[in-house]
Structures are given as structure tokens and as C-alpha cells.
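[1] Need the 3D shape of this:
(chains A and B)
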Number of protein chains: 2
Amino acid sequence: MAPVVTAFDQNGEIDFGRTITHCNWLLGHGCDGLVVFGTTSEANSLSLSEREHLLEAIVNSGISPARLLVGNGSCALPDAVELAAHALRVGSAGVLMLPPFYYKTVSVDGLFAFFAEFIEHVADPRLQVYLYHIPPVAQVGIPLALLEKLRARYGKVIAGIKDSSGDWENTRWLLAQFGDLQIFPGSEAFLLRALRLGAGGCISGTANVGAETMQRLYQKWQTAEAEDMQLTLNRVREVFQRFPIIAAIKAVLAAANTDDQWRHLRPPLSPLSDPDSRALMRELEVLGFKLPRFQVG
Amino acid sequence: MAPVVTAFDQNGEIDFGRTITHCNWLLGHGCDGLVVFGTTSEANSLSLSEREHLLEAIVNSGISPARLLVGNGSCALPDAVELAAHALRVGSAGVLMLPPFYYKTVSVDGLFAFFAEFIEHVADPRLQVYLYHIPPVAQVGIPLALLEKLRARYGKVIAGIKDSSGDWENTRWLLAQFGDLQIFPGSEAFLLRALRLGAGGCISGTANVGAETMQRLYQKWQTAEAEDMQLTLNRVREVFQRFPIIAAIKAVLAAANTDDQWRHLRPPLSPLSDPDSRALMRELEVLGFKLPRFQVG
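    Numbering: from 1, shown residues only, chains lettered A, B, ... in the order given. Sure, this is the predicted structure:
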């Protein structure tokens, strides 16, 4: 699954058309589902009403909401409840929820109270919560004690977890302890190892430009080619990780489609510089990376 | 100035009455002005519309908006613009602005673009921006290079800075380099030193319960008693810092007024435990701390 990048126009407004074109392209090019409003989507740079309008536009364009996991990043409980209720109204498959990320030294009990009040205020049997553990960015993570308490109290409402810790030991531990949860590493670098332990796949920013190779590994992880496929994924990922990754993904979309509109990010994030864009494209070319071209498919 | 704590009822809803009572009490007991929606106010746990309604209720209660600095914490530019436009409409003295705090490795140029677009979208000559530097919580701070760039471009629109770094060297440096800005340390522990270098005062969470002793030092900082007054402030502050500080402030308001409603915090923050509350009150009693009693004044 790709956390879909959000396209902006030169004035910093959401470019609905390009974003929806990209969503459709992803579903035809390797993605089984989409996360709208993940970290890669610059979701926390969007207002609540912008998120609601974009989600509605995506669904109204004909994309099945059952293929959408809706990111829900909010420090304020009422906002989190509103976003989730909206995501359920449009029929999405679930919400991918950040913990509240402003206060930094919060207790497990305090985080539990946040999620518990969230679930009880949404009060909808269709609610499926995927917990979003991304301590390198949010700083506040999903401690294992929190996960255990939430599972004990809310059972199958807690449907899964995206582990973007970048720490394989954490992902491995989750897969071992919570076999009935859908567990997604936040990087394709762990895809093969995670699939072998029962992961549901991966949710990775670079799937915005390279989901087809991830999908092939997902299909063939039990074959002899799997290790080589993983190495190819790693080499591409390492290139992206040498740059600010969201800007790099947008630079590739811009270069591949000769469409500079794709280069815009919303502050505080900045586009890749021209020299960095050229360096990135050269490094990807050396690896024989297949460009994400919307028209040519 | 106190960053006013927000009172909640047992259901987690804003308790407008208690919050406004507290605002009035503060203005009669040592505060020259109030920050509504600071870190101590749990502002990032409030939705945008809750913040707007509470600000309106405070102003409608008769408190002069000229005494209010309105905290503006938002990761999303459109939200920041909306909150500031609202604060100006009700006549507040300025906005105390956090940098966008979700993404952690942002460039000075990216932060500058955020503030620049903010100022240009608000587009109101009354706008006075106080920058809020609180790296222990927000992680993203106000780098000095950003402050310099903003001053160079926007001049007096950048009116001041609240320095909650907890790092006296940083406050000292700001006071030395930016004498024409209003500079407020985020702790009364630095009050005397800061006043001697030209600070405008301090904005401190503990002013919610102890502004009168801060005000006395502010009046008498050039007298022989000043050092002793600072030591008294330090001793009280050290007690509060042994506890989660927002919960501790609310515990003192609850105990002093025999009003348990004051103990509520909104998740992810939690109230002080009963034993911790008793320990806190005992330690304050030993210091002869004057209790913040609303009725007795």
C-alpha cells in the first residue's frame, strides 16, 4: 500500500486532479490499497476540512473506499473523532491513527485514555483502527503496553499496526506476539522478512513510485528469486533515503512525467533542489529503475 | 503573563465558567496579561472551533482582548491562518506561534516559508507575531537563523519571542541580539536575570498559581530584596518541576479551592494521583506558598 502523496498547485492549494490521477495510477501499478493522509501525504499540513474534501473527491472519482485506509493524525480528540466519523461515512476500510504527538512524556494510561475515548466517541461498529507507530517523526510512539491494553479492551476494533520505527526487532516482535493483527512494516526494506513471519504487506512512501516491484515480491516471496528481488528493492530504497524522502518522491513524479507541478510541497517541507533532483534521477537510472509515468502506464 | 490552564468537566468538555473565573482571578492576582492556548492550556488538545469559542467566551465575559496573547499551534498552514484571523477579529494583542511541529528535520527555509505564507495570508496590518520556542515539547524550535530572516523580511510584525528552551544561554543571547523584540523566558527561574537584560517579563505555567510573587519581583527587580525574591520563586518552581507540571497546577487549583473539577485534564495528559497531589501540597505548605483561592482572593 502507498501512503499517497498529495499534489499541490503553485499557490500551495491541493491539486485534486493530479492527486486522483496518481491514486488511480497506483491502483493499476502494484498497490492493493491506498493510505490517504499518511506522513508521506503531508497530511498534518492539511486542515481538517481539506482532508475531508480530498477524501470525498477521491471516492467520488470512482475509487472504491474499501481500498482506502484513512490517516487520522490529530493531537486533539474532537478532531480525531470527527475525521474518523467522516472516514466511516464515506465507507473507508479503516483509520490509520497516530497517537497525539504534541506532548512528549505522556504515560501509557494517558495514551490509552485518548484511544479509548476516541473509540467510544466514534461509537460505530464498523470502526477498524490501525495504529501508526512512527517514533522517528511523531516522537510519541505506540508502546507495546498500550497495544496490549487496547487489544484487551477493544478486541478486533484494533485491526492492525503500521510499524515505521525502522527497527526490525520491533516489527519482528509484533509479528511474533500479535499474529492476529495485520502488521505492516513502514519500509519495503523489511518486506521479505516480514512476509515470512506473516505480515500483511508493507505501507511505504516509496510505493508511490515503485509499488510494482514490491507487489512482485509480495506475489513471489516463497520462490527462489525472492532474495534478489528484496536486494533490488533495498538498492532503490537506499537511493531515496539519501534525500528528504517526500520531496524525492515528488521530484521523481515530476521528472518522469515532465510535470513540474508535482514538485510542490507545502511548508514546512521544501522541494528538492534542481541539482539534487538530477542526482536522484541519475542514481535511479543507474539501477535501471522503472519510471512512474502516468500516461504511458 | 500566565498561559491560562483550560478547565474541563468530567466528560472532557471545556468548562467555560471555571476557565473564565480563573482568567479574571489571574488578572487581579499578579498577571499583566494572559496567554490563551499555550502549552499549559492544553491548547493542542483542543479543536480549532473549541479554541475559537473559548476565546470568544473569554472576551464576551468582559476581559479586554488587548490583554490577551492568543496561542496558535498548528501543523497546517490553513489552520494557523484561520486561528490568527479569528484572534485579530476579536481584538487580541497578538499571536504566540508555534512552528509546525510534526515533521522533525525541516530546514530554516521551510520554516521561513511557513511563517512567510502565514503572514501574507493573514494580510492584516494589526498582526503581531510572537514566536514560540519550546524545543523540549515541540522538538521543532525557532532557530536563530529563522528569527533573523523573519525580522529582516517582516520587521515589526515579528514582535517578540517566548523562549521555553529552559536554556539561559539561549535567552541571554536573544536579549543581547534582539533588544527591540519583546523577549519572555518561559520560566520564572530566569526572571531576575532576564529583567536585568531588558526582558518584557516572563510567561510561565506556574504563573497560573503564583503570579503575585512574580509580579512583585517584576516591580522590585532593582531593589536589594530582588535576589531573595528570585530564590523564593526558584524553590516553588523546583517543587512543581518534580511533577507533571500541568497536572500539578490543576491539582493545586483543585486543592486550594476544594473543587475536584479542576483536576481534569484532557487525554493524553492525566491528572495527578491522589498521593502525588498530597505530596505536592505538603511541599508547597513547607515553603509557605500562598494558595490560589478564587473566593477569598
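[2] tell me the contacts of the closest residue to residue A:107 other than its chain neighbours?
    Spatial nearest neighbour of residue A:107, excluding adjacent residues (CB to CB, 6 or more residues apart in numbering or on different chains): residue B:270 at 5.9 Å. Every C-beta, even on glycine, is put in place using the N, C-alpha and C of the backbone. Contacts for residue B:270 (CB atoms under 8 Å, 6 or more residues apart in numbering or on different chains) come out as A:106, A:107, A:109, A:110, A:113, B:244, B:247.
[3] Of those residues, just say which sits nearest to residue A:191.
    Closest approach between the contacts of residue B:270 and residue A:191, by CB to CB: residue A:106, at 31.6 Å.
[4] Quick one, grab the pLDDT at the residue nearest to residue A:206 when sequence neighbours are not counted.
    Of all residues not flanking residue A:206 in the chain, residue A:240 sits nearest, at 5.3 Å (CB to CB, 6+ apart). In this prediction, residue A:240 carries a pLDDT score of 98.
[5] Which neighbouring elements make contact with the strand or helix carrying residue A:240?
    According to DSSP states H and E, residue A:240 maps onto helix A:226-241. Judged by 3 or more CB pairs under 8 Å, 6 or more residues apart in numbering or on different chains; DSSP states H and E, helix A:226-241 is in contact with helix A:191-196, helix A:207-220, helix A:274-286.
[6] which parts of stretch A:258-272 are buried?
    A:261, A:262, A:263, A:264, A:265, A:266, A:267, A:268, A:269, A:270, A:271, A:272 (16 or more other CB atoms under 10 Å in any protein chain shown).
[7] Identify the farthest-apart pair in those residues.
    Of all pairs in those, the most separated under CB to CB is A:261 and A:268 at 20.0 Å.
[8] After the helix holding residue A:240, which helix or strand is next?
    Toward the C-terminus from helix A:226-241 - assigned by DSSP H and E - lies helix A:245-256.
[9] near chain B, anything from that following helix?
    No. Counting by CB under 8 Å from any CB of the partner chain, chain B has no neighbours in helix A:245-256; the shortest distance is 8.6 Å.
[10] now do stretch A:67-81
    Yes. Residues of stretch A:67-81 contacting chain B under CB under 8 Å from any CB: A:73, A:75, A:76, A:77, A:78, A:79.
[11] Give me the distance between the two termini of that stretch.
    21 Å (CA to CA, to the nearest Å).
[12] Quick check: mean pLDDT of that stretch?
    Here stretch A:67-81 scores 97 as its mean pLDDT.
[13] Any buried residues in it, and which?
    Applying a neighbour-count criterion of 16+ other CB under 10 Å, one finds A:68-81 buried in stretch A:67-81.
[14] Same check on stretch A:121-128?
    Using 16+ other CB under 10 Å as the test for burial, stretch A:121-128 gives A:121, A:122, A:127, A:128.
[15] and it, is it in reach of chain B?
    No. Using CB under 8 Å from any CB, stretch A:121-128 never reaches chain B; the gap is at least 9.1 Å.
[16] circling back to that earlier point, any chance of TSV for the helices and strands packed on helix A:226-241, columns mean pLDDT, distance to residue A:87 and mean neighbour count?
    Shown next, in TSV, are the helices and strands packed on helix A:226-241 (pLDDT from 0 to 100; distance: least, CB to CB, whole Å; neighbours: other CB atoms under 10 Å in any protein chain shown):
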stretch	mean pLDDT	distance to residue A:87	mean neighbour count
helix A:191-196	98	26	20
helix A:207-220	98	21	21
helix A:274-286	97	33	15
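[17] do you know which of those helices lies nearest chain B?
    Among the helices and strands packed on helix A:226-241, the nearest to chain B by CB to the nearest CB is helix A:274-286 (12.3 Å).
[18] How many neighbouring residues does residue A:54 have?
    Residue A:54 has 21 neighbours, counted by other CB atoms under 10 Å in any protein chain shown.
[19] and the angle for the host helix or strand of it with helix B:48-60?
    Residue A:54 belongs to helix A:48-60 when assigned by DSSP H and E. Angle, helix A:48-60 to helix B:48-60, by axes from the mean of the first three to the mean of the last three CA atoms, to 10 degrees: 150 degrees.
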